[in-house]
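Q: Need the 3D shape of this:
(chains A and B)
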Amino acid sequence: MPSLFRRKRLVIVLIGFIVLVALIGFSIRDRDSLSTPEKFLQDAVGWMQTVFHKPVSLVDGTIENIHDMFDVYEQNKVLKARLSEYKGVIQENQRLTKENNELRDTLDKTEGLSDYSPTQATVIARSSDRWFEQMTINKGEEHGIEKDMAVMTSEGLIGKIKSVGAFHSTVQLLSGFDRSNKISAWVVREDENEDEVFGLIEGYDDETGQLLLEGIKLDEELKEGDTVISSGLGGVFPSNLRIGTVEDVVNDQFGLTKTAYIEPFADLFDINHVMVVDRSVETIDTENEPEEDGS
Amino acid sequence: MSRYKIALICLFLLIMQGMAMSMLPASLVYSDLLMTPHWVLIFLMIIAVFYDKDETYNAVWYGLAFGLLVDVIYTGVLGVYMITYTLVIYVIHGLNKLVHANFLAASLLAIVGVTLADTMLYVIYSFVQITSMTWGDYGLLRLLPTLAANMIFFILLYPLVKERVHDWSEQVSNV
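A: Just a heads-up that it's a prediction; the model follows:
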């Protein structure tokens, strides 16, 4: 009899191994959408997460509010000083927008790459495994969310939509980006006379917590503090989304191009409310363009 | 009845795992140390030790179901947590026959279980290139902090559920 048991156990182990490999193979490939059972589970658990999230975030928020109250006075002083500057900027901005619209009208070109419509969402959970830099938000297909849309906070870009359920979706954070999630970007220099520099964000450096902007031409001189924004040329993201500032520039391993280290504007860890950005100009089908960002 | 209660507690812990990552202070959860909560696994190991008899394998089935749920909700790579949790709970169930069911033995089993589970996750995720940590980094930055964080949770959870789980077990065997 013992030999029978051992054989049974061996068969179970083998079946388990086959199931494991099959499931990993099924789920790790680039899928356009989740399978129906996955969507169902994600939504079902999502509802429960929302129920628990409300009271917990209330307590969390109250503690934070009390904490904030202590430095309100100092902040107020600084903000008042800044307010006068903003008035001038707003007027200039309005004037420029108007001028821009008029010029667009004369060109019969109404849609720009920078136009987008935002959807507000709340973060209800984060992956419990730190190797997966992703989180769940409480908006899904029913609210018009689609795969590969850009996700940002008020400070800047934080990631893109990885998968969507009916009422919830999963966001892949910038810190989990690799070569298969490129973002095409412009570096805007402080000196206004110089042109913008093109580069691709191709990954994240775990040690420094900075993004890697690669493919910069060798003869371009970047300075620390230059701003990086999305270019909108990748086909999925709108342009002018703020990404980060240049911290350090090094030559790449072959010495043909330069790589810049980018400090993201947004805090990638303490995130509560996000905006999912749907660009107005038609998105290029990523199926045919595997090299574009978000594919 | 007790079966549904166990499932509900597992579900609650599963949701809290994700909640903890977004609600606890970022300086604690997102330092260089990669702490990973395995709360469902800890609870299921208590079930394996105090609820299951030698010939029942309830905890293993729960491990299969809730491991898959962790995969779907938190990682998106199916099957990894499922197989890991199932196997680890099966091993713990087997080891449990060798020791007396008391706090010391249970915590020893919990240490073995969490270490085994997290190492298995590391091996599988290295194979599919989700992580590229070296063994040394993994041990220092992920395994030890994870073990410490989960043992704190075990010590908090144990007095809360131990008697209850034991009672449920008695009830089931009396019926």
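
Q: Tell me which stretches of the chain form helices.
A: Defaulting to chain A. For chain A, the helices defined by DSSP state H occupy A:2-28, A:36-69, A:72-107.

Q: I was thinking of chain B, sorry if that wasn't clear
A: For chain B, the helices defined by DSSP H occupy B:2-23, B:26-29, B:39-50, B:58-70, B:80-96, B:103-127, B:135-137, B:144-174.

Q: Contacts for the first one, please.
A: With contacts defined as Cβ atoms under 8 Å, 6 or more residues apart in numbering or on different chains, helix B:2-23 is touched by A:45, A:48-49, A:52-53, A:56-57, A:60, A:123-128, A:135-136, A:271-272, B:29, B:37, B:39-40, B:43-44, B:47, B:51, B:58, B:62, B:66, B:69-70, B:73-74, B:161, B:168, B:171-172. Any C-beta I mention is one placed from the backbone N, CA and C, and that applies to glycine too.

Q: The fourth one too?
A: With contact meaning Cβ under 8 Å, 6+ apart, helix B:58-70 is reached by A:41, A:45, A:128, B:3, B:6-7, B:10-11, B:14, B:17, B:40-41, B:44-45, B:47-48, B:51-52, B:78-79, B:81-86, B:88-90, B:92-93.

Q: quick one: low-confidence ranges for chain B?
A: For chain B, no stretch is flagged by pLDDT under 70.

Q: hmm, back to that, could I have the PyMOL command that selects the buried members from the contacts of helix B:2-23?
A: With 16 or more other Cβ atoms under 10 Å in any protein chain shown as the criterion, this PyMOL line picks the buried residues out of the contacts of helix B:2-23:
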select buried, (chain A and resi 45+49+52+53+57+60+123+124+125+126+127+128+135+136+271) or (chain B and resi 29+37+39+40+43+44+47+51+58+62+66+69+70+73+74+161+168+172)
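
Q: Relative to chain B, which residue of the stretch 101-250 of chain A is the closest?
A: Using Cβ to the nearest Cβ, the single residue of the stretch 101-250 of chain A nearest to chain B is A:Ala125, 3.2 Å away.

Q: beta partners of that residue?
A: Beta bridges link A:Ala125 to A:Thr136, judged by DSSP bridges.

Q: okay, which residue is most central for chain B?
A: Among the residues of chain B, the one closest to the centroid is B:Leu41, at 1.4 Å (Cα atoms, centre = their mean).

Q: Quick check, it in contact with B:Gly113.
A: Yes: using Cβ atoms under 8 Å, B:Leu41 makes contact with B:Gly113 at a distance of 6.6 Å.

Q: Between the two, which contacts overlap?
A: Common neighbours of B:Leu41 and B:Gly113 (Cβ under 8 Å, 6+ apart) are B:88-89.

Q: one step back: so which of the helices of chain B is the most surrounded?
A: Ranked by mean neighbour count under mean count of other Cβ atoms under 10 Å in any protein chain shown, those are led by helix B:39-50, which reaches a mean of 25.

Q: would you put the C-alpha positions of it in CSV?
A: Written as CSV, here are the backbone C-alpha positions of helix B:39-50 (Å, rounded to 0.1, in the frame of the first residue of the first chain):
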residue,chain,number,x,y,z
TRP,B,39,-1.1,36.9,6.6
VAL,B,40,-3.4,34.4,4.9
LEU,B,41,-0.7,31.8,5.0
ILE,B,42,0.0,32.5,8.7
PHE,B,43,-3.7,32.0,9.5
LEU,B,44,-4.0,28.9,7.3
MET,B,45,-0.9,27.4,9.1
ILE,B,46,-2.7,27.9,12.4
ILE,B,47,-5.7,26.1,10.8
ALA,B,48,-3.5,23.3,9.6
VAL,B,49,-2.0,22.8,13.1
PHE,B,50,-5.1,23.3,15.4
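
Q: That helix: how far from the chain's middle?
A: Here helix B:39-50 is found 6 Å from its chain centre; the criterion is Cα atoms, centre = their mean, to the nearest Å.

Q: That one to helix B:103-127, inter-axis angle?
A: 140 degrees (axes from the mean of the first three to the mean of the last three Cα atoms, to 10 degrees).

Q: do helix B:39-50 and chain A meet at all?
A: No: against chain A, helix B:39-50 shows no contacts by Cβ under 8 Å from any Cβ of the partner chain, the least distance being 8.5 Å.

Q: follow-up on the earlier one: pretty sure the residue of the stretch 101-250 of chain A closest to chain B sits against A:Gln134.
A: No: the pair A:Ala125 / A:Gln134 is not scored as a contact, 9.8 Å apart, by Cβ under 8 Å.

Q: shared neighbours of the two, anything?
A: Listed as contacting both A:Ala125 and A:Gln134 by Cβ under 8 Å, 6+ apart are B:Tyr74.

Q: Run through the residues that contact the residue nearest to the centre of chain B.
A: B:63, B:85, B:88-89, B:113-114, B:117.

Q: Most widely separated two among these?
A: B:Gly63 and B:Val114 (13.4 Å; Cβ to Cβ).

Q: Any figure for the gap between the residue nearest to B:Lys97 when sequence neighbours are not counted and B:Ala48?
A: Spatial nearest neighbour of B:Lys97, excluding adjacent residues (Cβ to Cβ, 6 or more residues apart in numbering or on different chains): B:Asp54 at 6.1 Å. Using Cβ to Cβ, to the nearest Å, we find B:Asp54 at a distance of 11 Å from B:Ala48.

Q: for A:Leu213, same thing?
A: Taken as Cβ to Cβ, the span from A:Leu213 to B:Ala48 is 50 Å.

Q: again, but for A:Tyr116
A: From A:Tyr116 to B:Ala48 the distance is 51 Å (Cβ to Cβ).

Q: one step back: Serialize the contacts of B:Leu41 to JSON lines and add fields for distance to A:Asp226.
A: What follows is the contacts of B:Leu41, written out as JSON lines (distance: Cβ to Cβ, whole Å):
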{"residue": "B:Gly63", "distance to A:Asp226": "51"}
{"residue": "B:Tyr85", "distance to A:Asp226": "47"}
{"residue": "B:Val88", "distance to A:Asp226": "50"}
{"residue": "B:Ile89", "distance to A:Asp226": "53"}
{"residue": "B:Gly113", "distance to A:Asp226": "50"}
{"residue": "B:Val114", "distance to A:Asp226": "46"}
{"residue": "B:Ala117", "distance to A:Asp226": "45"}
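
Q: in stretch A:8-21, what's buried?
A: Neighbour-count burial for stretch A:8-21, counted by 16+ other Cβ under 10 Å, picks out A:16, A:20.

Q: and that stretch, is it in reach of chain B?
A: Yes: counting by Cβ under 8 Å from any Cβ, contacts between stretch A:8-21 and chain B involve A:16, A:19-20.

Q: Output that stretch as CSV - backbone C-alpha positions only.
A: The C-alpha coordinates for stretch A:8-21 follow below in CSV (Å, rounded to 0.1, in the frame of the first residue of the first chain):
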residue,chain,number,x,y,z
LYS,A,8,-0.4,9.0,-6.0
ARG,A,9,1.7,11.8,-4.4
LEU,A,10,4.1,11.8,-7.3
VAL,A,11,1.3,12.1,-9.8
ILE,A,12,-0.2,15.0,-7.8
VAL,A,13,3.2,16.8,-7.7
LEU,A,14,3.6,16.3,-11.5
ILE,A,15,0.1,17.6,-12.2
GLY,A,16,0.7,20.5,-9.9
PHE,A,17,3.9,21.4,-11.8
ILE,A,18,2.2,21.2,-15.2
VAL,A,19,-0.7,23.4,-13.9
LEU,A,20,1.8,25.9,-12.6
VAL,A,21,3.7,26.2,-15.8
